[in-house]
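Trainee: Fold the following.
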Amino acid sequence: MKSKPGKMTHGPARNTRPVLTVLIAIAAILTHFPQTTHADKYVPAINHITRTNPTTLNPEVVNTIYVDADLPRTCLGIYDPSEPQGQRCDKGAADAYTTLSEALDAMNGGGRILIRGGSYTEGPVVVTKGGDPENWLTISSFPGELPIFQTPGIATAIKVNAPYVIVDGLEVSGAVKKGIRVGFTSWVIVRNCIIHDGEEGVSIRMADHVLVDACTIYNTAHPIFPDTTSFIILRRNVFYDSVFSVDPGGTTFSVIEDNYFRFDQDNNIGPLKARRGNLTGGDDYGLIIRRNLILEGDKFNVLLASANGALLYHNTLYNFADVPHSRGLLYMQQDAIGENAGNIIKNNIFRQTHNSLINVNPDMFKWAVQQEIDYNLYHKTLDDGDYMGFPSGPTQQITYGLAEIQPPDGKWQRNTGFDVNSIIADPQLVNPALTSLPLTFSPQNTSPAVDQAGHLTTTTDAGTGTLLPVDNALYFIDGYGLVEGDWIRVGTNPAVRIAAVNYKRNTLTVEQAITWNTGDNVSLDYTGSGPDHGAIELNHPIVIGQAHGYERAFAGNLCGNGQIDDSETCDDANINNNDACLNTCRLNTCGDGSVYVDAEACDDGNSDCGDGCSTECEVEPDWVCFNLNPSTCAPVQSLPDFGSFQSCFTGTDGGVLPGCEGFDFEEDGDVDLPDYARSIFGIK
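Mentor: Numbers count the residues shown, from 1 in each chain. Reported below is the predicted structural model:
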């Protein structure tokens, strides 16, 4: 008999007692119920209740006090934050303290503590009194300033043990154990922080509804360590130069998205590991890993260790080093706790030089085929015969080479059932380098990744309204009350935002009414005719790595950040190579091989004349050129007769005749010689 789960719904609540909140969260995680779909896995019956989204709170906070390390003493009722340093006391009406601990003691309930720039050596700072659903406690840097908590020798710099707390814009350095610890509580946001040089950057233990957003964390053992948690969101962070992984364990219904991982120092383990915890006695489930740029793991880039039901989709796993990586880009294994089944690996880009792209350890022999792996794009720069590794028995493994993994019916596909719709090709990314900005990992227009990824799920019934039945709702979130819900595309409808997700019933509630048919595709929002492989969608806003302090990870290589840095002559923060500024942050000039569409008719990458494109980048008489990077030109007399093309030919600015739309290869509103040349050379 299957046990009946509790309904996962959203609604208002007013219970703010942290101890009771934690007990409820623990009880919820310990409760599981059978589910007959999606690899017959289990979904925890957590009663997820949405509180007020803190991003929608009134920014006018009535209760504001200050922390100022430059003050000679506490200034109560006489502090003026607008005065210059050394003149702020005795001239105003606000309260100010010299330490954050003193300010926290004075704060009663929600409000705002603004910390002035400077060095603070206190610790540990312990937050024991939080806010409430309508008035969070915000601990924030003063606008435009950076307070630095330098805490060498202190085990934990900042402990958050209370609900409804935001920690915003602080730098934490040198804590022996943990930079910021969130434990035995709920509804906590850590954002825009810089944390480095300690064992754990952010530790999350026995907590729920926690957001870590836009932080830069480096030179740690574990950048973030969530353990026995639920409804956790890690997004837009930059993690680099650490030893061990971002390591969620016992983590249910949580999201790791839009992050930048780069572990390029020697002897690192790997950027991301998802494993089961030791409290639930059951499965990690509903862990979404998506739209992350995951670079340069030593042993692996992603490890699924008895993860069970993890969804790894729309990520880019990319290694540069010309050395073997011992376990592969994606490594799957059983750990001591139990099985590893029901994982979905879809729409990712896997690219490296040596060793396996996907490696399934023989200890997973019992569950190896109980995964869904498809619609990925694979590329290796060296054919060493080792593309995939898969168990042939409890202690044996088969290695698959390039010829054996060719979709749709290679030996890999026949033996595993995986990757029938995957692609083996160079992803043709813009200009990736080890320390280049994330936008350089965007696909070029000609990339085989563009529009070729799979849709995530489908509708299971037709209808009109806001309640959408789908085959698998686990791909999506409603924001957990911390951020906005996912924007999705359903069939031919415009993008619509999710307001609620019912994981038990596999339904999505969207904000606007739409109409759909049975079997309509459902995906995250995309551009073009379909979703792209990898973490970055062509012509879509890039949010990966937009963290406070991100420039520390890209020092000396900031092309694409929108600011003209040293060695740059321009920076327009886009990946368009046909405007005034190239992707190398150099001005687009005649002869560089990139057509500046507002100033050049062609650019063949040289300064020669007589080859169709003049030294002034104009098309020479009796030649035709089409706009590629670089341009290709041909004499008009060398082109074959017009034939069937002639009936559609209108010339430049001549429009497109009815029925001739397919001949406008340049999509510029006419059918002229460049279109004809493209048709001859097979360039669409």
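
Trainee: C-alpha from now on. contacts and neighbour counts both.
Mentor: Fine.

Trainee: For the stretch 101-250 of the chain, which segments count as strands?
Mentor: Under the criterion DSSP state E, counting those that start in this stretch, strands of the stretch 101-250 of the chain are mapped to 111-115, 118-120, 125-127, 137-141, 147-150, 156-160, 165-168, 171-173, 178-183, 186-191, 194-213, 216-235, 238-240, 249-252.

Trainee: what element comes up after the last one heading to the C-terminus?
Mentor: Next along the chain after strand 249-252, taking DSSP states H and E as the criterion, comes strand 254-257.

Trainee: What helix or strand is Y676 located in?
Mentor: Using DSSP H and E, Y676 falls in helix 673-681.

Trainee: Can you give me the end-to-end span of stretch 341-351?
Mentor: Stretch 341-351 has its terminal residues 24 Å apart, counting by C-alpha to C-alpha, to the nearest Å.

Trainee: ok, back up a step: which of the strands of the stretch 101-250 of the chain has the lowest average pLDDT?
Mentor: Of all those, the minimum mean pLDDT falls on strand 249-252 (a mean of 79).

Trainee: Could you export that strand as PDB, CA atoms only?
Mentor: Listed next in PDB are the C-alpha coordinates belonging to strand 249-252 (Å, rounded to 0.1, in the frame of the first residue of the first chain):
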ATOM      1  CA  GLY A 249      24.300  16.300   0.900                       C
ATOM      2  CA  GLY A 250      20.900  15.200   2.200                       C
ATOM      3  CA  THR A 251      19.500  18.200   0.300                       C
ATOM      4  CA  THR A 252      16.000  18.000  -1.100                       C
END
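
Trainee: Please point out which parts of that strand sit buried.
Mentor: G249, G250, T251, T252 (16 or more other C-alpha atoms under 10 Å).

Trainee: can you give me the helices in the protein?
Mentor: 18-30, 100-106, 411-416, 673-681 (DSSP state H).

Trainee: so can I have TSV of the buried residues of strand 249-252 showing distance to A449?
Mentor: TSV is the format used below for those (distance: C-alpha to C-alpha, whole Å):
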residue	distance to A449
G249	32
G250	33
T251	31
T252	30
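
Trainee: tell me which of the residues you listed is nearest to T515?
Mentor: T252 (31.8 Å; C-alpha to C-alpha).

Trainee: Surely the closest one touches T229?
Mentor: Yes - look at T252 against T229 with C-alpha atoms under 8 Å: they come within range, at 6.6 Å.

Trainee: low-scoring stretches of this structure, by residue?
Mentor: For the chain, the stretches flagged by pLDDT under 70 are 1-62, 264-269, 275-285, 322-326, 336-338, 556, 627-628, 639-646, 677-684.

Trainee: coming back round to it: right, and the strands of the stretch 101-250 of the chain - which one's nearest F626?
Mentor: Short answer: strand 238-240, nearest of the strands of the stretch 101-250 of the chain by C-alpha to C-alpha, at 40.3 Å.

Trainee: Near the residue lying closest to G669 once chain neighbours are set aside, how many other residues are there?
Mentor: In space, and not counting its chain neighbours, G669 is closest to G655: 5.4 Å by C-alpha to C-alpha, 6 or more residues apart in numbering. Number of residues near G655 (other C-alpha atoms under 10 Å) recorded here: 18.

Trainee: Return the residues in contact with the spatially most central residue of the chain.
Mentor: Residue closest to the average C-alpha location in the chain (C-alpha atoms, centre = their mean): D258, at 1.6 Å. By C-alpha atoms under 8 Å, 6 or more residues apart in numbering, the contact list for D258 reads R235, R236, N237, R290, R291, N292, L293, A535, V543, I544, G545.

Trainee: dump the residue contacts of the fourth one.
Mentor: This points to R290. R290 touches V255, I256, E257, D258, L311, L312, Y313, H314, N315, A535, counting by C-alpha under 8 Å, 6+ apart.

Trainee: try the second one
Mentor: For R236, the contact set (C-alpha under 8 Å, 6+ apart) comprises D213, A214, C215, E257, D258, N259, Y260, V543, I544, G545, Q546, A547.
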